[in-house]
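Asker: mind folding the following:
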Amino acid sequence: MVEKSEAPAAPFDFKTCSVPDALARLACKPGGLSSIQARERLAQYGPNRIEEHHVPAWRKFLGHFTSPISIIIFAAAALSFFIGDLPDAGVIFFLLLLNVSIGFYIERQADVALATLSKKLAVRARVRRDGAWGEEEADTLVPGDLVELAAGHIVPADAKLIEGDIEVDQSALTGESLPVALQPRGLAYASSLVRKGRARALIVLTGGHTTFGRTAQLAQMSKPKSHLDKAIEQIGHFLILLSVLGALVVVGVGVVRGYTLAETALLALTLLVASVPAAMPAVLATIMAMGALHLAKKHAVVRQLSALEALASVNVICSDKTGTLTLNQIKVQQLWPWRVSEDELLRAARRCVPLDSDDPIDQAIEHHGLLRSREIWKLEKFVQADSVRKRATAYLARMQGGRTRRIVAVKGAPQVVLALCRMGAGQKKAALKQVEKFAQEGYRTLAVAQKELSGADKEEKGAVFVGLIALADPARPDARQTVRKAGQMGILVKMVSGDHAAVVRHVADDIGIKGRVLAASVLGRLRPAQARMEILRTGIFAEVLPEQKYQIVKAHRANGDVVAVTGDGVNDAPALKEADAGVAVEGATEVAKSAADLVLTKPGLSVIVEAVEEGRAIFERMHHYVIYRLAETFRVLFLVPASIIVLGFFPLTPIQLVVLSVLNDVPILAMATDNVEQPKAPEKWRVKRLLGVSSMLGVVGLFNSGLLLFVFYFVFHLPLAVIQTLLFLKLSLAGHLMVFHARSPGPIFKSKPPSRTLLAAIVGTQLIATAMALMGIFVQQVGIVEVVGMWIWVFIFLFITEHFKHLAYVAADRMGW
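Answerer: All right, here's what the predicted structure looks like:
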């Protein structure tokens, strides 16, 4: 095995050296490496990637012991040990191990999901090996490889240009805002974006030895906090403050009531464990990571988890026409033959189609209708269409009746072809009228003519007009339904196309996008305020340039809209970056992908709408968890101090509080896979609404527990240990039923059924809690009658809680929360 060595370029300046010197330094030839050489160099230099700081799994596991909650649980165990309660200390320490294991599992799930997403976004490069060009993953490139760079590519490693000219955007590395022109001998830095041109380049530095790798500038950039981060921060600070105050009240009142400081401190510590939602950021990150993984299976890969937040809130989609709303396949729509049959018109057109042509118009003609066989003609000469001639011309010959028959066939722009034809003014007028009609219907029109040649005649002039062919890129079969579905979701779909107004109008009518058509060039002649108003009023944009696409997105964002925009090319990058959710469509350049938040691996608007749906579902799961977690915190946090103040005893033992906390952790793992109702409008974080609803649920739960304590203590005069057991069982049962309250603003029994995983987690934990009460594990043993009675009580209060939940949502709606 070859030992990994330092890169050869440490003391060598590849930027100023000549190409021959670079080749000599790397001991390679300008034609690229062989596969064997590439493998040897990969072992020598290592993979072409920036090695991130990798924390081993065992260290991550141990790291969970240093989290605030783990430290509090450990302090509770230590306190139990020092006051001589060894069994309790052992149990609490066991529960600490269980809590750490659950936290590690949550983190592991998120890590695996993110690693899977990262692989789907791996950059590929065009490289020459074994004398042939092919595509390889960029992290397999080695010094000495020959690569091809073109507009839209990301430079995969530091590369010395050998031939060709390119312009690169290296602002992320050097701060230069303007593209830098590079010729042979120039050095293109890794992670630069190729804006123009095409070149072949020699890889000279890879991985951590590149300029990008040494500076690691992009990786160290701080990112602004998302709305989600801010919402979690607000909620977390609020709950931590309440929890600390509650713990202080427990200590103060407990000491006044005659309990020792050690006893009250132990209860206060375990109260913090049960009430502080320390796992909230990790759980929400896991819900997003698992959702993003599910989204990738639907052909939409998110580049950052924070993009899911924008995706769930999208209310405007600015979509390209070609490939997204249409099939991106030119097809013959209508034939208009002139004094010949449709078959003869097709034959004449096919005479102008070279064999194996990859031109989309040629392919549309070749594959239209049932006429598949070609006539046997020898192509003597073919003149390709260009922007000046605007027509393609084919000179053909074949033996017929013992003599050579020669013809010229022409297809191209109607005005150009008709000018070559021998026909009267009235006939030409009729043909042009049909061309105009096709244009109004959104079709591109191709005119076809042919002429018999004799002698030395090679002129196209005097050809016989054969007819017109109407071509179009048809709308996707599911486009109309998708646009309608988007409207039902509260999303306005706008078409943003570089095509002509008539073509755009035709496609818009086909798929149900309403509104007037505006040629984007008009925007440049308006004042900024007027242009913005025109953009907001317009549903269909034609003849759009990249800078105008950016302007359209910016105007909608300034209006308060959350905008998704599609793009595939280098020039789309500004609009993709400006949008709340930039979407790189299938086949997009690497530059477009790097600027986007979402990368599609399948074409069509339906993929984007499904991605928005999934984004909203992910947000719903996060909302459900937050409401559940907050309601539980309010209930437990206020119950313990209130019991000590009013009744003078601890309603739960420290062990029971820790067990309750661990049991509550199990169903939250399953909430990442829960079935949710699809919101009918864009989603956003509404902290006041979440706090209001969860507070109401917490207060109702607190009243329920307080009522039970009153009845147990003052009516039935039950022993304290039995009261604690029954209250423990009640808090566990009602707490997990709280998940069902949190799942939907509407009635529980009308909401979407929970996932099997969530249902199994809830049923399993409640069977454990019930078994603990019946068998006396960590609690005073009680009988079957008491347990069944508690189950009945909890289900009766389920309906009461539902009523107050409804009132909470009504109040939140009235207050605009």
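
Asker: report the secondary structure state of Val493.
Answerer: Here Val493 takes the strand state, with states given by DSSP: H, G, I helix; E, B strand; the rest coil.

Asker: same check on Ala449?
Answerer: In three-state terms, and counting by three-state DSSP, Ala449 is strand.

Asker: what's the nearest residue to it if we skip its chain neighbours?
Answerer: Distances taken as C-beta to C-beta, 6 or more residues apart in numbering put Ala463 closest to Ala449, at 3.9 Å, once the chain neighbours are dropped. The C-beta positions use only the backbone N, C-alpha and C, and glycine is treated the same way.

Asker: surely Glu148 forms part of a strand?
Answerer: Yes. Inclusion of Glu148 in a strand is indicated when three-state DSSP is applied.

Asker: hmm, Gly462 is touching Lys451, no?
Answerer: Yes. The pair formed by Gly462 and Lys451 meets the contact definition of C-beta atoms under 8 Å, at 6.1 Å.

Asker: tell me which of the two has more neighbours.
Answerer: Set Gly462 next to Lys451 and count neighbours by other C-beta atoms under 10 Å: Lys451 wins out with 20 against 13.

Asker: bridged to that one, which residues?
Answerer: Counting by DSSP bridges, Lys451 is bridged to Val408.

Asker: distance check, Pro679 against Trp58.
Answerer: For Pro679, the distance to Trp58 (C-beta to C-beta, to the nearest Å) stands at 41 Å.

Asker: I'd like the distance from whichever strand or helix holds Phe634 to the chain centre, please.
Answerer: The secondary structure element spanning Phe634 is helix 605-646 (assigned by DSSP states H and E). A distance of 22 Å separates the C-alpha centroid of helix 605-646 from that of its chain, computed with C-alpha atoms, centre = their mean, to the nearest Å.

Asker: what's the next secondary structure element after it?
Answerer: Moving on from helix 605-646 towards the C-terminus, the next helix or strand you reach (DSSP H and E) is helix 654-670.

Asker: quick revisit: higher neighbour count, Pro679 and Trp58?
Answerer: Neighbour totals were compared for Pro679 and Trp58, and Pro679 leads with 16 against 9 (other C-beta under 10 Å).

Asker: mean confidence score for the helix holding Phe634?
Answerer: Computed over helix 605-646, the mean pLDDT rounds to 88.

Asker: what about Gln384, how many neighbours?
Answerer: Gln384 sits with 11 neighbouring residues when counted by other C-beta under 10 Å.

Asker: and it, what does it touch?
Answerer: Under the criterion of C-beta atoms under 8 Å, 6 or more residues apart in numbering, the contact list for Gln384 reads Ala392.

Asker: give me the distance between it and Lys411.
Answerer: The value you get for Gln384 to Lys411, if C-beta to C-beta is used, is 12 Å.

Asker: who touches both of these two?
Answerer: With contacts defined as C-beta under 8 Å, 6+ apart, the residues shared by Gln384 and Lys411 are Ala392.

Asker: what's the following helix or strand after the helix or strand bottoming out on mean pLDDT in the chain?
Answerer: Among the secondary structure pieces of the chain, namely its helices and strands, helix 171-174 has the lowest mean (mean pLDDT, DSSP states H and E), a mean of 60. Of the helices and strands lying after helix 171-174 in sequence (DSSP H and E), the nearest is strand 180-182.

Asker: what ranges of the stretch 201-350 of the chain fall below the confidence cut-off?
Answerer: Segments of the stretch 201-350 of the chain classed as low confidence (criterion: pLDDT under 70) are 214-233, 236, 273-274, 276-279, 281-282.

Asker: where do the helices sit along it?
Answerer: The residue ranges that make up the helices of the stretch 201-350 of the chain, judged by DSSP state H, counting those that start in this stretch, are 211-215, 227-256, 261-275, 280-297, 307-313, 342-350.

Asker: now distance to Pro143 too, for the ones you listed, in JSON lines please.
Answerer: Formatted as JSON lines, the helices of the stretch 201-350 of the chain follow (distance: least, C-beta to C-beta, whole Å):
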{"stretch": "helix 211-215", "distance to Pro143": "13"}
{"stretch": "helix 227-256", "distance to Pro143": "41"}
{"stretch": "helix 261-275", "distance to Pro143": "54"}
{"stretch": "helix 280-297", "distance to Pro143": "33"}
{"stretch": "helix 307-313", "distance to Pro143": "35"}
{"stretch": "helix 342-350", "distance to Pro143": "51"}
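
Asker: closest to Leu708 out of those helices?
Answerer: The closest approach between Leu708 and any of these, judged by C-beta to C-beta, belongs to helix 261-275 at 17.9 Å.

Asker: element containing Thr393, please.
Answerer: When the helices and strands are read off by DSSP H and E, the one containing Thr393 is strand 391-400.

Asker: excluding residues flanking it in the chain, which one is nearest the spatially most central residue of the chain?
Answerer: Compute the mean C-alpha point of the chain, and by C-alpha atoms, centre = their mean the closest residue is Val302, 2.7 Å away. Using C-beta to C-beta, 6+ apart and skipping the chain neighbours, the partner closest in space to Val302 is Ala292 (4.9 Å).

Asker: counting neighbours, what do you get for that neighbour?
Answerer: Here the number of neighbours of Ala292 (other C-beta under 10 Å) works out to 26.

Asker: so how far is Leu669 from it?
Answerer: Summarising the geometry, the distance separating Ala292 from Leu669, computed by C-beta to C-beta, is 17 Å.

Asker: before we move on, what about Leu241?
Answerer: Using C-beta to C-beta, one gets 27 Å for the distance from Leu241 to Leu669.

Asker: who has more neighbours, these two?
Answerer: Under the criterion of other C-beta under 10 Å, the comparison of Leu241 against Leu669 puts Leu669 first, with 17 against 10.

Asker: so what's the residue count around the closest residue to Lys577 other than its chain neighbours?
Answerer: Counting by C-beta to C-beta, 6+ apart, Lys577 lies nearest to Ala595, which is 4.8 Å off, once chain neighbours are set aside. The burial metric for Ala595, expressed as a neighbour count using other C-beta under 10 Å, is 23.

Asker: which residues does Ala595 contact?
Answerer: The contact partners of Ala595, taken as C-beta under 8 Å, 6+ apart, are Gly567, Asp572, Ala573, Pro574, Leu576, Lys577, Gly582, Ala584.

Asker: looks like the fifth one contacts Ala596 (just checking).
Answerer: Translated: Leu576. Yes. In this structure, Leu576 is within contact of Ala596 by C-beta under 8 Å, at 4.9 Å.

Asker: and for the two, which residues touch both?
Answerer: Looking at what touches both Leu576 and Ala596 (by C-beta under 8 Å, 6+ apart), the common residues are Gly567, Gly582, Val583, Ala584.

Asker: wait, the first one touches Gly582, no?
Answerer: The one in question is Gly567. Yes. Under the contact definition of C-beta under 8 Å, Gly567 touches Gly582, with a separation of 6.9 Å.

Asker: between these two, which is the more surrounded one?
Answerer: Looking at Gly567 and Gly582 with other C-beta under 10 Å, you find the greater number of neighbours at Gly567, namely 31 against 28.

Asker: how about the closest residue to the more buried one other than its chain neighbours, secondary structure?
Answerer: Leaving aside its sequence neighbours, Gly567 sits nearest to Leu576 (C-beta to C-beta, 6+ apart; 4.8 Å). Assigned state for Leu576: helix (three-state reduction, three-state DSSP).
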